[in-house]
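Visitor: here's my sequence, what's the structure:
(chains A and B, ligands or ions: 2)
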Amino acid sequence: MASILTFCMATHLSIPRSSLELLAAARLLSQQLGGLPVQTLLLGAGVKEHALTLIYHSADQVLLVDHPCLEHPEDEIVLEITQKVVCQFEPRVVLLPHDELSGGHVGPRLAYRLRVGIVTDCTGFAVRNSDICWLRPVYGGKAMAYLCTRGPVQIATIRARAFEPLSTDPFRQGEIKEVKVAPESFSTSVTVVERIEAAEERGLSLDRAEIVVSGGRGMGSAEGFSVLHELARVLGAAVGGSRPAADMGWVPHSHLIGQTGKIVAPKLYIAVGISGATQHMAGAGSSKTIVAINKDPDAPIFKLAHLGVIGEWEEVLPPLIRAFQEMYSR
Amino acid sequence: MHIVVCLKQIVDPEVPFHLFRIDPVAKTQIRGSHPLVISSYDEVAVEVAIQAKERFGGWVTVASIGTKETIQALHQALAMGADGAVLLCDPLFEHTDSFGKARILAAALRKIGDFDLILCGRQAGDIEMGLVGPFLAEELGLPCATLVTNVVSQNGKIRLKRPTEAGYEVLEVPLPCLATITNDESNVPRYASVKGIRAAMRTPIPIWTATNLGLDPLMLGKERRIEIEEMWIPQREIRCELIAGESAGERARNLALRLRELGLV
Ligand SMILES: Cc1cc2nc3c(=O)[nH]c(=O)nc-3n(C[C@H](O)[C@H](O)[C@H](O)COP(=O)(O)OP(=O)(O)OC[C@H]3O[C@@H](n4cnc5c(N)ncnc54)[C@H](O)[C@@H]3O)c2cc1C
Ligand SMILES: Nc1ncnc2c1ncn2[C@@H]1O[C@H](COP(=O)(O)O)[C@@H](O)[C@H]1O
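Guide: Ligands and ions are numbered 1, 2, ... in the order given. The predicted model follows:
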């Protein structure tokens, strides 16, 4: 079918936000291509209930692969299933989230196997003479480009938060179709032999926080970061960091903000000791208000932030924390 | 264990955006006077390879598709501790897409022959497609582990560490295989030692062309499936409101007040 196929790797408890963002992208693309139907591949163990949510968010048809072996699926199993589904349903466009699983593994290998092009990490698209041009940042976000691919299928992976999920419409109708692919019959050469959950993390989750406080190389040390944690505690904020901060181990790597880390869009993003590299700002640029605290008046971040304070964090943060404490105690 | 690291030389990605220029017709960056460097994740991959060699023995070869100038990047990897290098250089290689690059690297790896582990960066620091690694694994029909940060153990199979949302996991993969590398606090690239730099200069670097690799020139040109249509530099400057105040303390207090005024805190 000439459809747009989106992807949703779910757990029993929830579906990722990315699957709803993909549906929003797919609906927009469908309109520009003259109304192609939108299909979603829903994968997981005990995930059937989520099919309706996907339909309410504009899927016309949900292709369901629900199997206990998809509780913690290996990348290659997901690849095999996706390949089978794509070969069976022959969509015209495949939209995948640009995350570790799909952007880093399934998307590229799928494209290679189908001998078709793929554009990764897209933030938009334009349809020109019924060809899709995929919009994406290049050179760490310093430039933008339109890329086109050749082949009967177009594959793109979509950057988180590039599209806003559509509002849910509980009256929408759609079809749920179970796909027989026998996931248990696939084998994989790469197996997970150990899963380690990190000890209790400090502070709030980055994804949900309304305020994110983020530190960079300018924080100088892990001790510097504990002052940031103090600020975060007062504000009820989550703590993130730039790549040097994560490399130095001052914040866990799962809290790295940027193009190759988390992409957040809180209402307030406070960047402390961060120079404002485009690769970092790719992860925070859609925040409603960006505040920069930096000692260097020429730091690029002062061209990317809404509010700025020039100064050493050692001198700015303690009075700032006190000011908020006083504000909140009144 | 013989580890081959595929590395790309790029214009320094840390060039600040006000100095960044592109050629909109050629649809590529203008280098200007900016230095060329090893793409950052590839430098991390070199570090991962050298750490694995130090722990489990073996040797490390670095391979790059590039120009004569790329020898400098290969020397840097040798100086960090790689044992051998090869440059893949031919005008025919210049206009290939990710499929073509994977085909060239695959030919080089077949020529190298006795490798156990191939490491690629998760993505090159220029266009950042993140395709060549997984494509190369497919091209060679090898198992492929993605976004790992180091080699944990080696014993016929290897175990690789991969960070996850909640912590990390350990992947087991039979050899030979390919892995794409991402960074964490364990694999920050080392600086080259003076001794390393001297040794690097003495290491001969063979240059392999399409003919050496037995690649059909017609095939290479025809392979393009991914095309850059248009490139531009977006206007992105925001007028930043600088918070006034005599002292840092006063500016901090004024910031708090301004944020409250805006209803943000
Ligand atoms: C392919 C690729 C992907 C990348 N992905 C990411 C990514 O996802 N996320 C990311 O963050 N980076 C990423 N990077 C790295 C990025 O290019 C920058 O190198 C990095 O973001 C810089 O981090 P920083 O601002 O903390 O450090 P620096 O650039 O070193 O800046 C430190 C800043 O702190 C200021 N400072 C110093 N001392 C003080 C003080 N006492 N008080 C106040 N200010 C002070 C300095 O003036 C300076 O502006 C990537 C790079 C590449 C090539
Ligand atoms: N010209 C090249 N020479 C050697 N390796 C390359 C080259 N281009 C890409 N690679 C490898 O493939 C990875 C992904 O590149 P890319 O698909 O261009 O983002 C890089 O990190 C390198 O390890």
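Visitor: right, and residue B:99 touches residue B:225 too?
Guide: Yes: using CB atoms under 8 Å, residue B:99 is in contact with residue B:225, at 5.8 Å. Every C-beta, even on glycine, is put in place using the N, C-alpha and C of the backbone.
Visitor: and the contacts of the helix or strand hosting residue A:7?
Guide: Using DSSP states H and E, residue A:7 sits in strand A:4-9. With contact meaning CB atoms under 8 Å, 6 or more residues apart in numbering or on different chains, strand A:4-9 is reached by A:15-16, A:19, A:22-23, A:25-26, A:29-30, A:33, A:36-44, A:50, A:54, A:59, A:63, A:73, A:78, A:82, A:85-86, A:89, A:91-97, A:101-102.
Visitor: show me which of those residues are buried.
Guide: Buried members of the contacts of strand A:4-9, scored by 16 or more other CB atoms under 10 Å in any protein chain shown, are A:15-16, A:19, A:22-23, A:25-26, A:29-30, A:36-44, A:50, A:54, A:59, A:63, A:73, A:78, A:82, A:85-86, A:89, A:91-97, A:101-102.
Visitor: those residues in helices, which ones?
Guide: Per DSSP state H, helices hold the following members of the buried ones among the contacts of strand A:4-9: A:19, A:22-23, A:25-26, A:29-30, A:50, A:54, A:78, A:82, A:85-86, A:89.
Visitor: where in the chain is pLDDT low?
Guide: Using chain A. For chain A, the stretches with pLDDT under 70 are A:1, A:199-203.
Visitor: the chain in question should be chain B.
Guide: Using pLDDT under 70, the flagged stretches of chain B are B:221, B:223.
Visitor: against residue B:20, how distant is the spatially most central residue of it?
Guide: With distances taken as CA atoms, centre = their mean, residue B:42 lies nearest the centre of chain B, 2.9 Å away. Noted for residue B:42: a distance of 21 Å to residue B:20, by CB to CB, to the nearest Å.
Visitor: what's the answer for residue B:233, then?
Guide: Residue B:233 is 7 Å from residue B:20, where distance means CB to CB.
Visitor: when residue B:99 and residue B:225 are compared, which one has more neighbours?
Guide: When residue B:99 and residue B:225 are compared for neighbours, residue B:99 comes out ahead with 23 against 19, by other CB atoms under 10 Å in any protein chain shown.
Visitor: then the more buried one would be within a helix, right?
Guide: Yes: Residue B:99: assigned to a helix according to DSSP: H, G, I helix; E, B strand; the rest coil.
Visitor: the nearest residue to residue B:164 once chain neighbours are set aside: neighbouring residues, count only.
Guide: Excluding the flanking residues, the one nearest residue B:164 by CB to CB, 6 or more residues apart in numbering or on different chains is residue A:195, at 7.5 Å. Residue A:195 is flanked by 12 other residues according to other CB under 10 Å.
Visitor: gap between the host helix or strand of residue A:195 and the chain center?
Guide: Counting by DSSP H and E, the element that carries residue A:195 is strand A:191-197. When distances are taken as CA atoms, centre = their mean, to the nearest Å, strand A:191-197 is centred 23 Å away from the chain's centroid.
Visitor: swap in stretch A:36-53?
Guide: The answer for stretch A:36-53 is 19 Å, by CA atoms, centre = their mean.
Visitor: need the contact list for residue A:245.
Guide: Residue A:245 touches A:215-217, A:219, A:225, A:251, A:256, counting by CB under 8 Å, 6+ apart.
Visitor: quick one: whichever strand or helix holds it near ligand 1?
Guide: Per DSSP H and E, residue A:245 falls inside helix A:243-247. Yes: for a cut-off given as CB under 6 Å from any ligand atom, helix A:243-247 has contacts with ligand 1, namely A:243-245.
Visitor: what are the contacting residues of the longest helix along chain B?
Guide: Counting by DSSP H, the longest helix found in chain B is helix B:40-56. Residues outside helix B:40-56 that contact it (CB under 8 Å, 6+ apart) are B:1, B:3, B:5-8, B:13, B:37-38, B:58-60, B:62, B:77, B:80-82, B:117, B:119-125, B:149-151, B:153-154, B:181-183, B:186-190.
Visitor: re earlier: list the strands paired with the strand holding residue A:7, with their directions.
Guide: Partners of strand A:4-9 in the sheet, by DSSP bridges, are strand A:38-44 (parallel), strand A:93-97 (parallel).
Visitor: residues making contact with the first one?
Guide: Residues external to strand A:38-44 that are found in contact with it (CB under 8 Å, 6+ apart): A:1, A:3-12, A:15, A:19, A:22-23, A:26-27, A:30, A:50-51, A:54, A:58-66, A:70-71, A:73, A:78, A:81-82, A:85, A:89, A:91, A:179.
Visitor: mind checking the SS state of the closest residue to residue A:152 other than its chain neighbours?
Guide: Sequence neighbours aside, residue A:116 is the residue nearest to residue A:152 in space, at 6.7 Å (criterion: CB to CB, 6+ apart). Counting by three-state DSSP, the backbone at residue A:116 sits in coil.
Visitor: so residue A:116 is in contact with residue A:148, correct?
Guide: No: counting by CB under 8 Å, residue A:116 stays clear of residue A:148, with 11.8 Å between them.
Visitor: grab the nearest non-local neighbour of residue A:88.
Guide: residue A:179 (7.4 Å).
Visitor: also residue B:75?
Guide: Closest to residue B:75 by CB to CB, 6+ apart is residue B:200, at 4.7 Å.
Visitor: work out for me the element that neighbour sits within.
Guide: Counting by DSSP H and E, residue B:200 is part of helix B:194-202.
Visitor: what about that helix, distance to the chain center?
Guide: Centre to centre, stretch against its chain (CA atoms, centre = their mean), the figure for helix B:194-202 is 22 Å.
Visitor: what does stretch A:24-38 give?
Guide: With CA atoms, centre = their mean, you get 21 Å for stretch A:24-38.
Visitor: close to chain B, is the next helix or strand after the helix holding residue A:245?
Guide: Next in sequence after helix A:243-247, counting helices and strands by DSSP H and E, comes strand A:268-272. Yes: using CB under 8 Å from any CB of the partner chain, we find that strand A:268-272 touches chain B at residue A:268.
Visitor: for strand A:268-272, packing partners?
Guide: Contacts defined by 3 or more CB pairs under 8 Å, 6 or more residues apart in numbering or on different chains; DSSP states H and E place strand A:268-272 against strand A:211-215, strand A:289-294.
Visitor: same thing but 10 Å
Guide: strand A:211-215, helix A:222-235, strand A:238-241, helix A:278-281, strand A:289-294, strand A:307-310, helix A:313-329, helix B:248-261 (3 or more CB pairs under 10 Å, 6 or more residues apart in numbering or on different chains; DSSP states H and E).
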